[in-house]
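1. when you get a sec, could you give me coordinates for this:
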Amino acid sequence: MVIRPPSEAESIIFQITLGCSDNGCIFCPAYKEKKFSVRGMAAIEKEMQTASRAFPDARRIFFADGDALAAGMQTLRDACVCAIRYFPKLSRIALYGSAKSIEPFSVQDLRELASLKLTMVYIGFETGDPGIYAGIHKYGTPDKNAAACKKVMAAGMTANATVILGLAGTERTADHAVNTAHLLNDARPQQIAALTLMIAENTPLAARVQRGAFSELKTFEYLSELKMMLENLDDFPCIFMADHASNYLPVRARFPRDRRRVISEIESILSVGDLRTLVPENRRGL
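-> Model (predicted):
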């Protein structure tokens, strides 16, 4: 299984790492069949050489798997140089990063990678509430995620911060919405991506649901949580996306210009309460 963000649909994907360096999140079903490892450059270069013959004009590349920034400076430098060699029209390289993988890098390290066209890092914030974050068993804290995001941007890279609607269940939905907005206000990433929680089989979160320890939000409750988050978001410039397959309401907007419009659209949908205005369950996916 290879996973990539929606905005990397046109990118060529190269697995710089296999698996995820953390892989303990209670909601995530990905990479369970893989032990994390960094691939050798010989294999990576061979794949790039082969792909360049089929896609000589490729402009975008995505380095997989989860948290590929954990490959380290030497591997990433070599992989970027190799990509530039084989794809002369290359404009951007992107990958997943995290507080855990970003910590070892200095801003100067990241600036060097940015000069080699690695200019987009996707960071999973998930939630801005410290208690909720501790409960998902992911490395770090909301504050560490904000610091990682700021470091990425200080290096001249674009940071895409991902949050997950419904991650706190019904019990702490307001805390999740408000504190996630506060975290985003602190970090101010250039892009924000909202996903909607889907309970995957054979995950610790699914086990919590089965024993009644976690209550999922209902369809329109996810939109209410999104509305609350957006109402508490400051007016800073960013692209806001809720275009992942998990979402009930696809959104792609430029904030702050479109923030009130998006909130008004959600208010209108909630006032009518018609499921036909939303993406049907059978078209949603991870």
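
2. adjacent strands (with direction) for the helix or strand that A194 is a member of?
-> Following DSSP states H and E, one finds A194 within strand 191-196. Paired strands of strand 191-196, with direction, are strand 158-165 (parallel), strand 238-241 (parallel) (DSSP bridges).

3. next SSE downstream of that strand?
-> Downstream of strand 191-196, the first helix or strand assigned by DSSP H and E is helix 204-210.

4. what's the average pLDDT for that next one?
-> Across helix 204-210, pLDDT averages out at 96.

5. also stretch 66-81?
-> Average pLDDT, stretch 66-81: 97.

6. all strands of this protein, in order?
-> For the chain, the strands defined by DSSP state E cover 12-15, 17-18, 37-38, 60-64, 92-97, 118-126, 158-165, 191-196, 238-241, 252-255.

7. contact partners of the longest one?
-> What it means is strand 118-126. 5, 25, 63, 69, 76, 80, 92-99, 102, 133, 136, 138, 142, 145, 148-149, 152, 156-164, 167, 180, 183-184, 187, 189, 193 (Cβ atoms under 8 Å, 6 or more residues apart in numbering). To be clear about C-beta, it is placed using only N, CA and C from the backbone, and glycine gets the same treatment.

8. in contact with the residue lying closest to L226 once chain neighbours are set aside, which residues?
-> Of all residues not flanking L226 in the chain, L165 sits nearest, at 5.6 Å (Cβ to Cβ, 6 or more residues apart in numbering). Residues counted as contacts of L165 (Cβ under 8 Å, 6+ apart) are 194-197, 217, 222, 225-226, 229, 247.

9. out of the residues you listed, which end up buried?
-> When the contacts of L165 are checked for burial by 16 or more other Cβ atoms under 10 Å, the buried set is 194-197, 217, 222, 225-226, 229, 247.

10. between the residues you listed, which sits nearest I12?
-> Distance to I12, by Cβ to Cβ, is smallest for L195 among those, at 23.5 Å.

11. distance of the closest one relative to Q49?
-> Distance of L195 to Q49, computed by Cβ to Cβ, to the nearest Å: 35 Å.

12. so what's the residue lying closest to A206 once chain neighbours are set aside up against?
-> For A206, ignoring the flanking residues on the chain, the nearest one in space by Cβ to Cβ, 6+ apart is I199 at 5.2 Å. Contacts for I199 (Cβ under 8 Å, 6+ apart) come out as 27, 205-206, 209, 216.

13. reformat these as a markdown table; add neighbour count and distance to S268.
-> As requested, these are exported to a markdown table (neighbours: other Cβ atoms under 10 Å; distance: Cβ to Cβ, whole Å):
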| residue | neighbour count | distance to S268 |
| --- | --- | --- |
| F27 | 21 | 30 |
| L205 | 24 | 31 |
| A206 | 15 | 33 |
| V209 | 14 | 31 |
| E216 | 14 | 24 |
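
14. redo these as JSON lines? Include distance to K117.
-> Below are these laid out as JSON lines (distance: Cβ to Cβ, whole Å):
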{"residue": "F27", "distance to K117": "32"}
{"residue": "L205", "distance to K117": "37"}
{"residue": "A206", "distance to K117": "39"}
{"residue": "V209", "distance to K117": "42"}
{"residue": "E216", "distance to K117": "41"}
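
15. show me the shaky parts of the protein.
-> The chain contains no residues with pLDDT under 70.

16. quick revisit: now list the buried members of the contacts of strand 118-126.
-> 5, 25, 63, 69, 76, 80, 93-99, 102, 133, 136, 138, 142, 145, 148-149, 152, 157-164, 167, 180, 183-184, 187, 189, 193.

17. follow-up on the earlier one: distance to D57 added to the strands paired with strand 191-196, as CSV?
-> Formatted as CSV, the strands paired with strand 191-196 follow (distance: least, Cβ to Cβ, whole Å):
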stretch, distance to D57
strand 158-165, 23
strand 238-241, 26
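
18. nearest to R39, of those?
-> Nearest of the strands paired with strand 191-196 (Cβ to Cβ): strand 158-165, 23.6 Å.

19. give the contact list for H244.
-> H244 is in contact with 6, 193-196, counting by Cβ under 8 Å, 6+ apart.
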